[in-house]
Structure formats: C-alpha cells, structure tokens
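Asker: my questions concern the predicted model and sequence given below.
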Amino acid sequence: MYYFCSVETIVNKRKSIEGWLPTSAKEMQELGWDYVDVILFSGDAYIDHPSFGTAVVARWLEHLGLRVAVIPQPNWRDDLRDFRKLGKPRLFFGASAGNMDSMVNHYTANRRLRSDDAFTADGKAGARPDYAVTVYSKIIKQIYPDVPLIIGGIEASLRRLAHYDYWSDSFKPSILIETGADLLIYGMGEKPLREIVERLHAGEKIEAMHTVRQTAFLHKYENEVLKSPFKKSLELISYEKCLNDKLNYARNFKIEEEESNKWEAAQLIEPYSVGKIVVNPPFVDYTQDEIDAPYSLPYKRMPHPRYLKKGAIPAYDMIRDSVNIHRGCFGGCSFCTISAHQGKQVLSRSQNSILLELKRVVETPGFKGNLSDLGGPSANMYRMKGHDLTICAVCKRPSCIFPSVCNNLNANHKPLTELYKKAREVNGIKHIFIGSGVRYDLFYGLKDGEMERYANEYLRELTQHHVSGRLKVAPEHSSDNVLKIMRKPSFELFIKLKRDFDQICKQADMRQQVIPYLISSHPGSTLADMAQLTLDLKAINYLPEQAQDFTPTPMTLATTMFYTGVDPYTLKPIFVAKSPEDKKRQQLFIFYYKPENRDAIIRELRNSGKSEWATRIFPFKSGNRRSY
C-alpha cells in the first residue's frame, strides 16, 4: 500500500474535497462550483503529485485562475456518461494518455498484453484503451463538436508528426489527423498554456492559437496561404510519399531530429492529402522563476480521495518520495524520447526551489525519512549547459557528450554535489537515494582539470551517501559497433566506473555493487555483437538478472532504423532483429549462465559460422572436451 501511517491519519487528511481538484459533479457541488473552465481527461489514475503530468497541467491551469476538473480513466465502453457528467467546459477540453504512451503501458516488447497497469488503483489492467488519446478525442469531438480540444502528454507529443507504430506495424499519420483535435501541445506545457489561456480570455478563438510556440495543428484551408511568424519554415516530404517509400521517411526524420536539437528550430510543415500538419518551434528562453514555478503549486502529493478504498497505485508507490531537479537531456541516445519530448536543453531548478519541495515531502503523511530519488531524466546533468550559449543556439549536434564531451559543455558537478549535501541536512530526511540513471561519461575525458576534480568529488559523494546497495547505470551494450549506433560511450568507460566505484567502496568499507542495464535486439546488434557482450559480461563476472528487449517507440532514431532498415543520416542499410524469434535469440546471450540456454547459444553460433566463439563462452572443462 502507499499509506505508511495509520488509515485514520490518512482519512483525516483526505476526507474533505477542499483543496482538491474535482473529479465528479458531486465534488464540484461540494466546492460550490456551478461551472468549470477546463476539463482534463487522463488515462492514469489522478495523483496530485508533481511527477504526474495531468496534476502539473491541472494545477498550472488553476494557478492561471481557472476552475479545472479532472476525469481520470473515463469509461469509453459504456454509454459514455463519464464524458458527459460535467457538461461543457467554458474554455476547452484537454486529453492525455497519462505519464506513458498507452501502447507501451499495455504491451511488452513482444506485443504481448500486460496483465497489470502501474498507473491504476490496485494495479489493474484494462482501465484505458489502446491509443487512449485518439479514443478519448474522438468521443469528445463526437459529443461536443464545437468545444475546443487540446491534446498533450507523451503519447500526443511523440506522435505529432507521421511515425512508425510498432504495435500495429504500420506507418501512421500525425495524431492530429486521427483525433480531430484543434491543437496539440508537445513537451512540457506550462508556457504554451499560459499564452493560450491569456489569449482565450482576450476573446481570441482557438484558430488564432496557431502562432503559439510548442504547438502543432492541422491546416486544412487549400486556398489560404499559411503565414509563419517564425524565422524559418521547412516543408517535409508528404505523408503519402513516405508511406510509399520508407527512404523518404528516413530523410524526413533526419530533418525532424536536427531541428529538435536546435535551440531556435524551424517550423515544420508536413503535407497530407487533407491539409498540412504544422509544428511550431518550442520555447527556448526560460527565466529561473519560470522553471521553478510549476513545482511551487499546492500539490497534495497523494492520490485523489476517490482511491481511498480501491487499493495501492504502484506508480505512486515508486515515485511518491522523489523530487525532480531538472528537465531535458543532452545525452541524445538513439532509443530515447526524452530530448524529442522535453528538449535537449537542460532546465535546472534553483537550489532554493528544490530544498523547499524537500521540506514539503517531509511534511507529507507517511513519509519515513527516505527519499527515493533526487534526479531527473539523468541523475547528473543538473546546472550543466554551454559555456558560450551563442554556440549552443546554432548547434544541431544530437548529443553534447557523444562521441565525446563537447568542449563547450560546462560539465561541472560542483552545483549538484553541493545540492546533495544541503539536501542531506534537511530536517526529517534520513537518506537520499539516487534512482535516476547516472551518465558516467560525464566523469571521464574532461579536458578541464577542475571539472575532472569536481566529477571525482561527485562520484565519491554519490557512492558514500546515495546508493542503496546497488548503483544502476546504463552501458546498454559492450560492442563498439552497437554503442556507436546507440550514441553511447565505450564499454571501457563502464569498466573504469566500476573500478573507481569499487575502490571508493573499499576505502569506505561499504559492500555495494554497480548494476548495468542492457538492451538486446537494438538496431545494428547482430548475434556476433551479442556474443561479444556475453564475453565482456563474463570478464567482469556479471550475471544479469534482467535486460530490456528493444521496443520501438515513436520519434526515436532507433525506431526509424527499425522501420526503414537504414541509418537516416547515411541511408546505408543496417541490420535489424525484427521477428520474435530473432529477438529471443539475442536475449539468450545475456542470460548465458542459465544451463537451459547453453545448447541454444552454441547452436546459434554454429549456424552463423561462429563456432569458435562457443569455445570462448563455454570453455572446455578438464577431461570433458567437446566439439562445438
């Protein structure tokens, strides 16, 4: 359960609807509301916590002076009463799948239906539909065709342009085409929402919002010239031409990724037979107050009272005692969607904002003194940005740290180490663990001696005070060929990290481990690459307990490679393990130590003409020579 104190204490804290955003007509009545400005539909249970997107958007709109209601996990199968129960909002509807893409939430990498849902009370599956944003949107538009609908969240954000959909194995159009939504907000929505609300209050129509940054829309008017208020516009190859030729999509993706990596991106225009999808460039200029503002809102940091008797919400259990310190990631990993959603620019909260939230965490009912995470998309990019921001403004490099750390990157760990130390001094906090992934390539290869010293100090602080027995990092693979495609550093850096970590633990008389996350079946990974990974794992005496099978998700380089079979930057063919059988073969090599996998691995190596590798993976035992 997510309740770590007495039920009586929790009920007393949550029995009143006062201070909560309503989820029903009865709750609106209790608050004395006779109308609502915005109604938000979400695929997740409603958890009023800054780690959950629906709560952030709802509280932000409330902060802007609006009356906001949230309808979590509406029933889309019955008479649709959940979509009717609050009537029309004064300004607009909002729809989101929740914190995850609904298809990732529902299915495994082998397209098998999951039996649970971490974002639902009691972990029950089946509370949201496949392609939740599309389903919700069509219902809303069917019942209320004249009310503006704005979609957002990660499912909408990463499907804003044409994309490959792994679960249907098809090339899909922009989600705006399928939903009929009036506007899409991609990424983190506070700045576009502020402008939209201000302009709606000024009497402008939803069509006038087509000039707002960080939004996308469908332009249908054949005879109307599309006028752009932005410095540059780029027209992509049409959806229909991409549908007929995968190489056209690969060419489009290269442009999309390069523009998403720029601070001052171009407006992208994607032609369709029914009109044009227009994606406006994102906001780039943030003040410190704007970065901090969403975290100062009056979150309850709990699930809504409606869930009191419905069981624990696993995702909340995991995230309840964590604090986010920044947004964005400049790592640029091929398989990751963070930069496409949150942006490449790292937006760091002020130290004061973070410490104030830590004090609120301490005051949350049930908090026992242990913080599960103090991180973000990455554990250790806090306060990192370019020395010369004019260089960053024109840079389209996908990663600031691959193939090496950029000379213009200020990779100084000192602010983060100081934050950790001050956070440990907050009264009521016993332990702070770092659950976010650590980018250890930010420790090594630094040409500035002072930054290298601060990186060493950070690793020591992290190891001695913030690891709960296991430090989880993500080398992902060991083959140089695959790592290059992934945009990940050499496996030698992982070996170096492990050596340094073990040395610090030995000096401090601590028994801790480094645990590497691994991916199989990534584009470019062959059986020979997996065999190399097996040998490298054996060399460090590591027996993996789990590994991730690559899952193609919209708007990543790796997914584009998976679908097209080429590298979009060179258009050269690339090997892809696509079938369930090919994927299973690759997983065998990660779990090489299991007796039931031995013969299958030897057989695969023999079939691929690599019999000599079998001897290296499974050496002959004395008196038991065996021919492979």
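Answerer: Here it is on my side, so go on.
Asker: per-domain residue ranges of the protein.
Answerer: Per automatic domain parsing, the structural domains of the chain span 22-214, 321-466, 469-478+500-628.
Asker: and these: which comes nearest N280?
Answerer: Between N280 and the domains of the chain, the shortest separation by CB to CB is 5.3 Å, and it involves domain 22-214. For every residue, glycine as well, the C-beta is placed using N, CA and C.
Asker: stretch 245-254: which residues count as buried?
Answerer: K246, N248, Y249, A250, R251, N252, F253, K254 (16 or more other CB atoms under 10 Å).
Asker: R111: which of those is nearest?
Answerer: Set against R111, the nearest of the buried residues of stretch 245-254 by CB to CB is K246 (20.6 Å).
Asker: tell me the confidence at the closest one?
Answerer: K246 is assigned 98 on the pLDDT scale.
Asker: then E264?
Answerer: At E264, pLDDT is 87.
Asker: and for S102?
Answerer: The model's pLDDT for S102 equals 97.
Asker: which residues does it contact?
Answerer: Contacts for S102 (CB atoms under 8 Å, 6 or more residues apart in numbering) come out as G43, R128, P129, D130, Y131, A132, V133, E155.
Asker: same thing with R84?
Answerer: I143.
Asker: so E256 makes contact with L236?
Answerer: Yes: between E256 and L236 a contact is recorded at 7.5 Å, counting by CB atoms under 8 Å.
Asker: overlap in contacts, the two.
Answerer: Counting by CB under 8 Å, 6+ apart, the shared contacts of E256 and L236 are L161, L268.
Asker: can you list the weak-confidence ranges in this protein?
Answerer: Where the chain drops to pLDDT under 70, the residues are 1-16, 223-225, 620-628.
Asker: now the most centrally placed residue in it, what are its backbone angles?
Answerer: Nearest residue to the geometric centre of the chain (CA atoms, centre = their mean): I338, 5.0 Å. Here is the backbone geometry of I338 (degrees, to the nearest 10): phi -60, psi -50.
Asker: same deal with the one 3 residues further on?
Answerer: The main-chain torsion angles of H341 are listed as degrees, to the nearest 10 and equal phi -100, psi -60.
Asker: OK, contacts around it?
Answerer: By CB under 8 Å, 6+ apart, H341 lies in contact with I154, S157, L158, Y186, G187.
Asker: could you do V197 as well?
Answerer: L61, L64, L66, L91.
Asker: so which of these comes closest to D165?
Answerer: Taking CB to CB as the measure, D165 sits nearest to L61 out of the contacts of V197, at 30.2 Å.
Asker: if you count neighbours, what's buried in the strand or helix carrying that closest one?
Answerer: Using DSSP states H and E, L61 maps to helix 53-63. Under the neighbour-count criterion of 16+ other CB under 10 Å, helix 53-63 has G53, T54, A55, V56, V57, A58, R59, W60, L61, E62, H63 buried.
Asker: same list (those residues) but as CSV, adding distance to A208.
Answerer: Shown next, in CSV, are the buried residues of helix 53-63 (distance: CB to CB, whole Å):
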residue, distance to A208
G53, 26
T54, 26
A55, 28
V56, 25
V57, 21
A58, 24
R59, 26
W60, 21
L61, 19
E62, 24
H63, 23
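Asker: hang on, the earlier thing: what angle separates the helix or strand following the helix holding L61 from helix 53-63?
Answerer: Heading C-terminal from helix 53-63, the first helix or strand you meet, by DSSP H and E, is strand 68-72. Orientation check (axes from the mean of the first three to the mean of the last three CA atoms, to 10 degrees): strand 68-72 against helix 53-63 gives 170 degrees.
Asker: where does F494 sit: helix, strand or coil?
Answerer: With DSSP: H, G, I helix; E, B strand; the rest coil as the basis, the three-state label of F494 is helix.
Asker: how far does stretch 304-317 stretch from start to finish?
Answerer: Taking CA to CA, to the nearest Å, the first and last residues of stretch 304-317 lie 14 Å apart.
Asker: just the buried ones among the contacts of S102, please.
Answerer: Buried among the contacts of S102 (16+ other CB under 10 Å): G43, R128, P129, Y131, A132, V133, E155.
Asker: doesn't L446 lie inside a strand?
Answerer: No: in this structure, L446 is coil, not part of a strand, as judged by three-state DSSP.
Asker: neighbours around the spatially closest residue to it that is not a sequence neighbour, how many?
Answerer: Take L446 and drop its neighbours on the chain: the residue closest to it by CB to CB, 6 or more residues apart in numbering is E452, 4.6 Å away. E452 sits with 16 neighbouring residues when counted by other CB atoms under 10 Å.
Asker: doesn't E452 lie inside a helix?
Answerer: Yes: according to three-state DSSP, E452 belongs to a helix.
Asker: between the domains of the chain, which gets nearest to E270?
Answerer: Proximity to E270 (CB to CB) singles out domain 22-214 among the domains of the chain, at 5.6 Å.
Asker: got the end-to-end distance for the closest one?
Answerer: 28 Å.
Asker: same check, this time on stretch 554-574
Answerer: Note: stretch 554-574 ends 19 Å apart using CA to CA.
Asker: quick one: the helices in the stretch 351-500 of the chain, in order.
Answerer: All helices of the stretch 351-500 of the chain, identified by DSSP state H, counting those that start in this stretch, fall at 351-363, 389-394, 414-424, 449-465, 480-486, 491-507.
Asker: most tightly packed of these?
Answerer: Mean neighbour count, computed with mean count of other CB atoms under 10 Å, is highest for helix 480-486 among these, reaching a mean of 20.
Asker: contacts for that one next, please.
Answerer: Residues outside helix 480-486 that contact it (CB under 8 Å, 6+ apart): 333-335, 403, 475-477, 489-491, 519, 522-525, 529, 558, 561, 567, 574.
Asker: so how do I select the buried members of those residues in PyMOL?
Answerer: The buried residues among the contacts of helix 480-486 can be selected in PyMOL (16+ other CB under 10 Å) with this line:
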select buried, resi 333+334+335+475+476+477+489+490+491+519+522+523+524+525+529+558+561+567+574
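Asker: out of the contacts of helix 480-486, which sit inside strands?
Answerer: Per DSSP state E, strands hold the following members of the contacts of helix 480-486: P475, E476, I519.
Asker: with distance to E30 added, can I get these in TSV?
Answerer: Formatted as TSV, the ones in strands among the contacts of helix 480-486 follow (distance: CB to CB, whole Å):
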residue	distance to E30
P475	53
E476	50
I519	49
